[in-house]
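Below: sequence and its predicted model.
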Amino acid sequence: NAINRYNIQAVALNPLCLKISWKDIADYSFLGEFDLLHHLHTDIQTNDWAKPAHRKATTKYFKLS
């Protein structure tokens, strides 16, 4: 699973990165909280998941779950 693979790599980095859990991911309410996205050199604004309507729908979906 992606979270386990991330956590294995996170502790191998220097400096160490914090481990993440599914609860952490579910608690994020918008993309700005993902520090990983701040380090990308590609434009992500054109992706469907970056569009405001899709983000709002995703937030509502997780609130219903």
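Received it, and whenever you're ready, just let me know what you need. No experiment lies behind these values; they were computed from the predicted model shown.

Longest helix of the protein, counting residues only.
helix 52-64 (DSSP state H).

Tell me which residues of that one come out buried.
When burial is assessed from 16 or more other CB atoms under 10 Å, helix 52-64 yields no buried residues. Quick note: C-beta positions are derived from backbone N, CA and C, even for glycine.

and it, average pLDDT?
Averaged over helix 52-64, pLDDT sits at 85.

Show me what it is packed against.
Judged by 3 or more CB pairs under 8 Å, 6 or more residues apart in numbering; DSSP states H and E, helix 52-64 has no packing partners among the helices and strands.

pLDDT below threshold where in this structure?
Along the chain, the parts satisfying pLDDT under 70 run over 28-41, 65.

quick one: stretch 7-22 to chain centroid distance?
With CA atoms, centre = their mean, to the nearest Å as the basis, stretch 7-22 stands 14 Å off its chain's centre.

Tell me which residues are up against that stretch.
Stretch 7-22 has contacts (CB atoms under 8 Å, 6 or more residues apart in numbering) with 3, 6.

Just the buried residues of it, please?
Buried positions in stretch 7-22, judged by neighbour count with 16+ other CB under 10 Å: residue 7.

In which helix or strand does residue 19 reside?
Assigned by DSSP states H and E, residue 19 falls within no helix or strand.
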